[in-house]
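Q: Next comes the sequence, and after it the predicted model I'd like to discuss.
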Amino acid sequence: MVFAARRLLLIEDDDSLRHVLSREVRRMGLEVVTHPRGDGVLELLQQADPDVVLLDLHLPGQPGIDTLVQLHGYDPTLPVVVFTGHGTVSLAVQAMQRGAFDFLTKPVALDVLEQTLRRALSHATLQRENQRLRTATAHAAAGAVVVPAESARSLELDRQVLRIGASDQSVLIHGESGSGKELVARRLHAASPRHRQPFVVVHCGAIPRQLVESELFGHVKGAFTGAEQKRTGLFEAADGGTLFLDEVGELPLELQPALLRAVQFGEIRPVGSDLVRHVDVRLLAATHRDLRRKVAEGSFREDLFYRLAVLELEVPPLRERAGDIAALANAFLAREAQRAGRELRLDDDALRRLGQHPWPGNVRELENAIVRLGVLVDGPTISGRDVDTFVFASQRRSSAGVLPTLSLPELEQIAIRAALQQQDGNKTKAAAVLGIALKTLYNKLSAMQEGPPETPPGT
């Protein structure tokens, strides 16, 4: 078989030719899905998920050139080989300019068709591998933890991220709090043609309601009390790149028409200005809420929802991808070991205990647990008993009201107090255990308001 497990979408209106080509291409080893018209292709793409397209340019309904543009817009990495019985140089040039991989004329020799399809598939494989490498490089540059997918759910999510990332369409990312929605958004950006341009994050729920419009679109001097100078909004800051609206369901209803216009037409108007500005931004949005229910309740605009949800991704909770827990834990621990400048590892019993936990706080909770272990465990090996003592026992105290949250700043304070207690208040030894400079420890103690600022010896 020449093309094992690869699928061709054949778009051809001639019944006889479509039948013959389908038979011959199947003999080459490709699966074949056929379609007789130019319209309705986008709906078919989501169902068929082809690896290559063979497109006749003369079709009933939507013209073949328009279909080519749609295909390329949906997935720029999807190779489209166009062919026609009325081939001209101008038509070939037009097709190549619109994103076609190659151009064939009817009748086409089967060996020529086979070689063209082989080259198209090889090209697509290379493009997607380059995207994968770019994603990893971008994460490494940003200091993000890159973890190879282990579970079936994560492997499928990876495949979708690579495909959707190459598009320029808006994406709505669903998932529970802490499941890694922002990480997925960053991977989409890194896999996109905009990867060298800005990636700007807007935490919609963290912006005061009265300042949301100014944060997004900017304002002119004197637009409101306190606007002492002109300010560029986050849409302009992301021009040419990607804007990520985290927890978009928290946006006030009265602001949503302006956001809709920005998404639909690329037009923004700074607060206090009469001038409209144009921006080129790809929108990614995330939410842990059911936006369809909010639409039904009237608290989220339906037209904005459909503009944001051109494509959708679901990030599964960690409990549904338990196969990733060990890889995530080891990756987080490797980062902590590098920060502390010492060796750290999880033994088999520790990994087993971590793998048995449901992690209601998802990846964020697991990351915080590993930070705690990396700070509080004395030796290089973290055992199952350590996990019970420093993670699950602390969580039980948290549920009883001793620890209100699992935020990283609070964990840091807990770790500092524990280290000082273990070392009988000796700050030099505590700093060594924590893997930080003595001066850093004094600064953190001062920030914690443990007492008046102290001056470490030798400074």
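A: Perfect, I can see it now.

Q: and Val271, how far is that from Leu253?
A: 18 Å (CB to CB, to the nearest Å). Bear in mind the C-beta positions are built from the backbone N, C-alpha and C, glycine included.

Q: Of these two, which one has the most company?
A: Legend: neighbour count by other CB atoms under 10 Å for Val271 and Leu253, higher for Val271 (19 against 12).

Q: and the more buried one, what are its bridge partners?
A: On the basis of DSSP bridges, Val271 is bridged to His219.

Q: Spit out the contact partners of it.
A: 213-214, 217-220, 223-224, 227 (CB atoms under 8 Å, 6 or more residues apart in numbering).

Q: Please repeat the previous calculation with a cut-off of 7 Å.
A: 213-214, 217, 219, 223-224 (CB atoms under 7 Å, 6 or more residues apart in numbering).

Q: what residue ranges in the stretch 251-400 of the chain score low on pLDDT?
A: Applying pLDDT under 70 to the stretch 251-400 of the chain flags residues 394-400.

Q: Put the alpha carbons of stretch 83-98 into PDB.
A: Extracted in PDB, the C-alpha atoms of stretch 83-98 (Å, rounded to 0.1, in the frame of the first residue of the first chain):
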ATOM      1  CA  PHE A  83      -7.400  19.700 -11.900                       C
ATOM      2  CA  THR A  84      -9.600  20.700 -14.800                       C
ATOM      3  CA  GLY A  85     -10.400  19.800 -18.400                       C
ATOM      4  CA  HIS A  86     -10.100  23.500 -19.400                       C
ATOM      5  CA  GLY A  87      -6.600  24.200 -18.200                       C
ATOM      6  CA  THR A  88      -5.000  27.500 -19.100                       C
ATOM      7  CA  VAL A  89      -1.800  29.100 -17.800                       C
ATOM      8  CA  SER A  90      -3.800  32.000 -16.300                       C
ATOM      9  CA  LEU A  91      -6.100  29.600 -14.400                       C
ATOM     10  CA  ALA A  92      -3.100  27.600 -13.200                       C
ATOM     11  CA  VAL A  93      -1.500  30.800 -11.900                       C
ATOM     12  CA  GLN A  94      -4.700  31.900 -10.300                       C
ATOM     13  CA  ALA A  95      -5.100  28.500  -8.500                       C
ATOM     14  CA  MET A  96      -1.500  28.500  -7.200                       C
ATOM     15  CA  GLN A  97      -1.900  32.100  -6.000                       C
ATOM     16  CA  ARG A  98      -5.000  31.100  -4.100                       C
END
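
Q: For it, give me every contacting residue.
A: 54, 56-58, 65, 68-69, 72, 82, 103-106, 108.

Q: Can you tell me which of these comes closest to Val315?
A: His72 (27.4 Å; CB to CB).

Q: contacting residues for the closest one?
A: 80, 98-99.

Q: let's see it at 8 Å
A: 78, 80, 98-99.

Q: same question, Glu314
A: 173-175 are the contacts of Glu314 under CB under 8 Å, 6+ apart.

Q: For Ile414, pull up the helix or strand it's in.
A: Per DSSP states H and E: Ile414 is located in helix 408-422.

Q: Using PDB, write down the CA coordinates of that helix.
A: Extracted as PDB, the C-alpha positions of helix 408-422 are listed here (Å, rounded to 0.1, in the frame of the first residue of the first chain):
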ATOM      1  CA  LEU A 408       1.500  29.800  44.700                       C
ATOM      2  CA  PRO A 409       2.200  32.800  46.900                       C
ATOM      3  CA  GLU A 410       0.500  31.100  49.900                       C
ATOM      4  CA  LEU A 411       2.500  27.900  49.200                       C
ATOM      5  CA  GLU A 412       5.700  29.900  49.200                       C
ATOM      6  CA  GLN A 413       4.800  31.400  52.600                       C
ATOM      7  CA  ILE A 414       4.000  28.000  54.000                       C
ATOM      8  CA  ALA A 415       7.300  26.600  52.700                       C
ATOM      9  CA  ILE A 416       9.300  29.500  54.200                       C
ATOM     10  CA  ARG A 417       7.700  29.000  57.600                       C
ATOM     11  CA  ALA A 418       8.100  25.300  57.500                       C
ATOM     12  CA  ALA A 419      11.800  25.600  56.600                       C
ATOM     13  CA  LEU A 420      12.400  28.000  59.400                       C
ATOM     14  CA  GLN A 421      10.700  25.700  61.800                       C
ATOM     15  CA  GLN A 422      12.700  22.700  60.600                       C
END
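
Q: per-domain residue ranges of this protein.
A: Segmentation of the chain into domains, based on automatic domain parsing, reads 7-127, 151-316, 319-447.

Q: Compute the first-to-last residue distance for the last one.
A: Between the opening and closing residues of domain 319-447 there is a gap of 36 Å (CA to CA, to the nearest Å).

Q: Can we start the residue count at 14 from this point?
A: Shifting the count to begin at 14 puts that one at domain 332-460.

Q: measure the nearest residue to Gln426 once chain neighbours are set aside to Arg430 for me?
A: Leaving aside its sequence neighbours, Gln426 sits nearest to Met461 (CB to CB, 6 or more residues apart in numbering; 5.7 Å). Distance of Met461 to Arg430, computed by CB to CB: 9 Å.

Q: Now intersect the contacts of stretch 96-111 with the strands, please.
A: 67, 69, 95, 116-118 (DSSP state E).

Q: Highest neighbour count among those?
A: That'd be Val95 among the ones in strands among the contacts of stretch 96-111, by other CB under 10 Å, with 29 neighbours.

Q: show me what contacts it?
A: 68-70, 77, 81, 108, 113, 115-117.

Q: Setting aside sequence neighbours, what's the nearest residue to Gly246?
A: Gly231 (3.2 Å).

Q: any idea how far Leu297 is from Trp255?
A: Quick fix: residue 255 reads Thr, not Trp. 6 Å.

Q: Please name the bridge partners of Asp115.
A: Val94.

Q: what about the helices in the stretch 64-213 of the chain?
A: With helices called from DSSP state H, counting those that start in this stretch, the stretch 64-213 of the chain shows them at 77-87, 102-110, 123-155, 165-178, 194-203.

Q: just the contacts of stretch 96-111 now: which is nearest Arg366?
A: Once CB to CB is applied, the member of the contacts of stretch 96-111 that ends up nearest Arg366 is His85, at 49.4 Å.

Q: And the pLDDT at the closest one?
A: Here the pLDDT value assigned to His85 is 83.

Q: same check, this time on Val197
A: 92.

Q: show me the contacts for it.
A: Contacts of Val197 (CB under 8 Å, 6+ apart): 170, 174, 186, 188, 299, 326, 328.
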